[in-house]
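1. here is a sequence with its predicted model. Questions after.
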Amino acid sequence: MSGDVTVISGPTAVGKGTVVRALKQRHPAVWVSVSATTRPPRPGEVDGQHYWFVSDAAFDDLLARDGLLEWAVVHGRDRYGTPSAPVLDALARGERVILEIDLQGARQVRAKLPQARLVFIAPPNWDELVARLVGRGTETAEQRQRRLATAKDELASANEFDHVVVNDDLGRAVDDLVGLLSL
């Protein structure tokens, strides 16, 4: 493998996707993996662009074929995973690969690809994280509570990462990430 892998992780609503999209806009050559999920699409999400939206049976098939680099049950219900083949192909081509995944997935990637760079995106503070999640308006009150409980555990695990980037200003967070990636 001649490319390199950077894992972007952090709690729900911290802005991981926004940071990765802004990075991709600035540096179109970075290759961003598309995860598979068993959850239904949110309004505006496009299959194959935001996620690969798959059935439980299709996800089970990927697992059976060892077709996932990492996977997890997230927030107690939906499964997410990174299909292996596209990532390994991109690495073989020498691409700079970005994986935007959760804490469980980051741990699995670290075990399988120890050379991977792990970057934790942190909120400026807890209240801001809660406000961002509520402001999204995409989850029920029960889903928000579940996501916030998970977020507490994720925030406590930031020390497992190689770098922490605080997303208090999008431009600054992307600048920090660009510096870490030497782009």
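-> Received it, and whenever you're ready, just let me know what you need.
2. okay, now the unreliable bits of this structure?
-> 1 (pLDDT under 70).
3. can you list the residue ranges for helices in it?
-> 16-26, 56-64, 84-92, 103-112, 126-136, 141-155, 170-181 (DSSP state H).
4. can you show me the CA trace of the fourth one as CSV?
-> In this case it means helix 103-112. Written as CSV, here are the backbone C-alpha positions of helix 103-112 (Å, rounded to 0.1, in the frame of the first residue of the first chain):
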residue,chain,number,x,y,z
LEU,A,103,-15.0,5.4,17.7
GLN,A,104,-15.6,1.7,17.4
GLY,A,105,-14.6,1.8,13.8
ALA,A,106,-11.6,3.9,14.5
ARG,A,107,-10.4,1.2,17.0
GLN,A,108,-10.9,-1.5,14.4
VAL,A,109,-9.0,0.4,11.7
ARG,A,110,-6.1,1.0,14.2
ALA,A,111,-5.9,-2.8,14.7
LYS,A,112,-6.0,-3.6,11.0
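5. off-centre distance for that helix?
-> 11 Å (Cα atoms, centre = their mean, to the nearest Å).
6. got it, and the first one?
-> On the basis of Cα atoms, centre = their mean, helix 16-26 sits 11 Å off its chain's mean C-alpha point.
7. got the buried residues for that helix?
-> Lys16, Val19, Val20, Ala22, Leu23 (16 or more other Cβ atoms under 10 Å). C-betas here are computed from N, CA, C, even on glycine.
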